[in-house]
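*Asks:* here is my input, please return the structure:
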Amino acid sequence: MARFIPGGDEPGDDALLERIVSEEPVFSGLIFDVNRIDVTLPNGDPAQRDVVRHPGAVAIVAITDDARICLVRQYRTALDRVTVEIPAGKLDPGEDPLQAARRELKEETGIEARSMALLTTIATSVGFSDERIGIYMATGLTLGESQPDEDEFLGAELVDVGEFVDAVLDGRVEDAKTVVGALALDAISRRLAPGPEPER
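*Replies:* Residues are numbered from 1 along each chain as shown. The predicted model follows:
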């Protein structure tokens, strides 16, 4: 059985590299920019790539002591519907991701966490974007009043973790960071669950 080797660590990966020749901005937006990149392919041919440059973001899997997960309901223009997601937000320039996670959790839900730790980091759309989202787990929660931005309209709710994981597995949740957060939480809880008592 082959062992897992991360991208870039396998010696043969060097033969797959594209060499960046130049990069020019083609669009500058409120949240992200789009740059056109000229590259040289591994076979020496030229090519172009359009890449979304994003400052990065954080998302939070906030779990209560009685096994409920905090979710937010928010209208997403790109999909033209309301989605159910874990709390999240983009990083401010130079902002520490852990502090950003604490800030976003409090702003969107009013919740403060005694403990917060990184679960994983995801690259959301590697084919065209450099956006990376750090997904944090928050425990020891204290509930409070949300403080959303003026242009942010959302509703927060607490849902049974098992029920929510079932919704993810049933395909009723599509948001990538939320799916990853829920499945990571489920995997961790299974690993931490006590196993069967050994036979005597």
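*Asks:* and the longest helix seen in the chain, what does it pack against?
*Replies:* The helix spanning the most residues in the chain, taking DSSP state H as the definition, is helix 176-192. Contact here means 3 or more C-beta pairs under 8 Å, 6 or more residues apart in numbering; DSSP states H and E; on that basis helix 176-192 packs against strand 57-62, strand 68-76, strand 81-85, strand 112-123, strand 132-142, helix 161-169. Any C-beta I mention is one placed from the backbone N, CA and C, and that applies to glycine too.
*Asks:* flag the shaky bits of the protein, pLDDT-wise.
*Replies:* Low-confidence segments of the chain, defined by pLDDT under 70: 148-149, 152, 192-200.
*Asks:* can I see the domain layout of it?
*Replies:* As recorded under automatic domain parsing, the domains making up the chain are 11-53, 57-192.
*Asks:* want to throw the ones you listed into a markdown table with distance to Ala2 and mean neighbour count?
*Replies:* Below are the domains of the chain laid out as a markdown table (distance: least, C-beta to C-beta, whole Å; neighbours: other C-beta atoms under 10 Å):
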| stretch | distance to Ala2 | mean neighbour count |
| --- | --- | --- |
| domain 11-53 | 13 | 12 |
| domain 57-192 | 22 | 16 |
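*Asks:* a markdown table for the ones you listed, including distance to Met1?
*Replies:* Shown next, in a markdown table, are those (distance: least, C-beta to C-beta, whole Å):
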| stretch | distance to Met1 |
| --- | --- |
| domain 11-53 | 19 |
| domain 57-192 | 20 |
